[in-house]
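> sharing a model prediction with you, sequence too.
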Amino acid sequence: MPQLSPKAMWLTAAVIAVLTVAAVVVLWWPATAGLTGDKLVSNRLDALKIGLSIGLGSGGVVALYLSWRRQDSTERTLVHQQEVHTTTMAHQNLVARNTEHDAAQRRLNELYLKAVEQLGSPKAAVRHGGLYALEQVAQDDPKRQQTVVNVICAYLRGPYTPPPDTAGPRPLGVRRPLLTSTDRPRTPASAPNGGTREDQLQEREVRLTAQRILHQNLQPGPDPDHPRPEFWRAIDLDLTGATLIDFSLAHCRIANASFRKTTFIGGAWFAGAEFGGGAWFTGAKFGGYAEFAEAKFGSYAEFGGAEFGGYADFAEAKFDSYAVFDEAKFGGKAEFGGAEFGGRAGFGGAKFGGVAWFGDAKFGGVAGFAGAKFGDGFGFTGAKFGDEARFDDAKFGGDAWFDDARFGGVTWFGGAEFGGEAVFGGAVFGGYAVFDDAVCDGRVFDPAEHGVILPADEPDSTEGQGSP
């Protein structure tokens, strides 16, 4: 609100004075015309009082107005000062927060760079510290979690040869020859990859630490819908060609994962793991127990050419889309009981050295076992095939159990070889079943002899039904 100038204030006072004089003059002469004596005096005194009252009242009004303006101006000034103070404080707080954020980012950058540098240290203890520092960086700044995981995966992809196991009892009665001081080696024995055995053992512990960091931080917790704060979300893993020791991602949740040509020494635990995207294990080698029980695979699961040296457990695993095990090798038992295949399940050319069990498994798409080789035994008891099932040219070294299985589409056994019993009791074929050139125990396979019950409109023999 603009302030009154001195000129305006003097002009206002002059106007009030003129109005007062005019009122007195009007009431003094015209209002007392014709009066004499006491009445004249009395009326003129009243006129003077009225005129002065008008002047004083006008002055009072102006004074009140000026007082209001002064109060309003004071209040506006206080409000403006408060606004300025609030704006200043907000700016200062913003500057402080930005400064604190920048300081925190600089601290994290320094910690990150220092941690990466520590991973290249020749001292195992320093490498341990670098891994834990990286974990702290990821916890403090979720935006860096994928970057930290990439660094840890790159470390695990580095070349590594585990130390040979030289432990074990020596033969009784055999003693080491005594060494003279000149005969004793002055340097530790070298290990296959150029370092000492002690160095390899220490590096093994560093790698186990790196694996534990991944395992611990990729677990959402008991309630996946409300994961724990430490959980690292939507993480991709690239462990292509890595050497992993007793590796575990059990009950972890991952976006995409690549384990192409990865070597798993000891056990590999993926029980209950969830792969939201693709999971690639092409050419991977599992030296011991490989557990994928109740694991969930999203868009793609690739195990083509993988080698399982021990027990491969895929019981009740769920494959939402493609599941490819073509040319895979199973050295021990292969357990797929209760597994669910939403798309194509490819086991073409796969080799099963031990028992292969697919009891109660469900195949939503094509089940391809063409050219597969089965060793000690094979079971599809109670399995359900929603689409085409291909077992043409497959070789069954032991017993093959298809009792109570359900075949929804065309089932191909053309050229299959059954070395043991082939049991189809209770199996239901919804489409054609082709057994051209199939043999059992060196003889031509007779479907009726083995309990194969064809649909009502299916011919009694498969003559003329060629294998594709």
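Right, received. Where do you want to start?
> mind checking the end-to-end distance for stretch 210-226?
Length of stretch 210-226, first residue to last, C-alpha to C-alpha, to the nearest Å: 26 Å.
> same check on stretch 211-225?
25 Å.
> that one: how far from the chain's middle?
10 Å (C-alpha atoms, centre = their mean, to the nearest Å).
> go through that stretch and flag the buried ones.
Of all the residues in stretch 211-225, those buried under the rule 16 or more other C-beta atoms under 10 Å are 211, 213-215, 217-220. Using the backbone N, CA and C atoms, a C-beta is placed for each residue, glycine as well.
> also stretch 374-388?
374-375, 377-388.
> related to what we said a few turns ago, kindly reformat the buried residues of stretch 211-225 as JSON lines containing secondary structure.
Formatted as JSON lines, these follow (DSSP: H, G, I helix; E, B strand; the rest coil):
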{"residue": "Gln211", "secondary structure": "helix"}
{"residue": "Ile213", "secondary structure": "helix"}
{"residue": "Leu214", "secondary structure": "helix"}
{"residue": "His215", "secondary structure": "helix"}
{"residue": "Asn217", "secondary structure": "helix"}
{"residue": "Leu218", "secondary structure": "coil"}
{"residue": "Gln219", "secondary structure": "coil"}
{"residue": "Pro220", "secondary structure": "coil"}
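> ok, which pair from those residues is furthest apart?
The largest separation in the buried residues of stretch 211-225, counting by C-beta to C-beta, is between Gln211 and Pro220 at 18.2 Å.
> A strand includes Ile235, no?
No: Ile235: not assigned to a strand; according to three-state DSSP it is coil.
> residues in contact with it?
145-146, 149, 218, 254-255 (C-beta atoms under 8 Å, 6 or more residues apart in numbering).
> can you check Glu230 too?
Glu230 neighbours (C-beta under 8 Å, 6+ apart): 139, 216-217.
> pick the one among those closest to Pro229.
Nearest to Pro229, judged by C-beta to C-beta, of the contacts of Glu230 is Gln139 at 8.8 Å.
> so what does the residue lying closest to Trp269 once chain neighbours are set aside look like in phi/psi?
Leaving aside its sequence neighbours, Trp269 sits nearest to Ser248 (C-beta to C-beta, 6 or more residues apart in numbering; 4.1 Å). Note on Ser248: its backbone torsions stand at phi -140, psi 130 [degrees, to the nearest 10].
> and Ser248, what does it touch?
So Ser248 contacts 211, 215, 267-270 (C-beta under 8 Å, 6+ apart).
> now the residues you listed as JSON lines including pLDDT?
JSON lines is the format used below for those (pLDDT from 0 to 100):
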{"residue": "Gln211", "pLDDT": "98"}
{"residue": "His215", "pLDDT": "97"}
{"residue": "Gly267", "pLDDT": "96"}
{"residue": "Ala268", "pLDDT": "98"}
{"residue": "Trp269", "pLDDT": "98"}
{"residue": "Phe270", "pLDDT": "98"}
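> and which of these is nearest to Arg260?
Ala268 (14.5 Å).
> residues near that closest one, how many?
28 (other C-beta atoms under 10 Å).
> kindly report the same for the one 5 residues further on.
Ala273 is surrounded by 25 other residues when neighbours are defined as other C-beta under 10 Å.
> and the gap between it and Glu117?
Using C-beta to C-beta, to the nearest Å, Ala273 is found at 32 Å from Glu117.
> over to Gly310?
39 Å.
> quick one, which of these two is more surrounded?
Gly310 (18 against 11).
> thinking again about what came up before, and the pLDDT at the residue nearest to Trp269?
In this prediction, Ser248 carries a pLDDT score of 98.
> again with the one 4 residues further on
Taken from the predicted model, the pLDDT recorded for Cys252 is 97.
> hang on, the earlier thing: mind putting the contacts of Glu230 in a markdown table, pLDDT and distance to Gly343 included?
Output for the contacts of Glu230, formatted as a markdown table (pLDDT from 0 to 100; distance: C-beta to C-beta, whole Å):
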| residue | pLDDT | distance to Gly343 |
| --- | --- | --- |
| Gln139 | 94 | 37 |
| Gln216 | 96 | 32 |
| Asn217 | 97 | 31 |
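> closest to Arg70 among the contacts of Ser248?
Nearest to Arg70 among those, with distances taken as C-beta to C-beta, is His215, at 74.1 Å.
> list the contacts of that closest one.
Per C-beta under 8 Å, 6+ apart, neighbours of His215: 248-250, 252.
> out of those, who's nearest Glu135?
Proximity of the contacts of His215 to Glu135 (C-beta to C-beta) peaks at Cys252, which lies at 15.4 Å.
> now the closest one: closest residue in space, sequence neighbours ignored.
Leu218 (3.9 Å).
> quick one, helices of the chain?
Here the chain has its helices, by DSSP state H, at 6-28, 37-119, 124-140, 145-157, 197-217.
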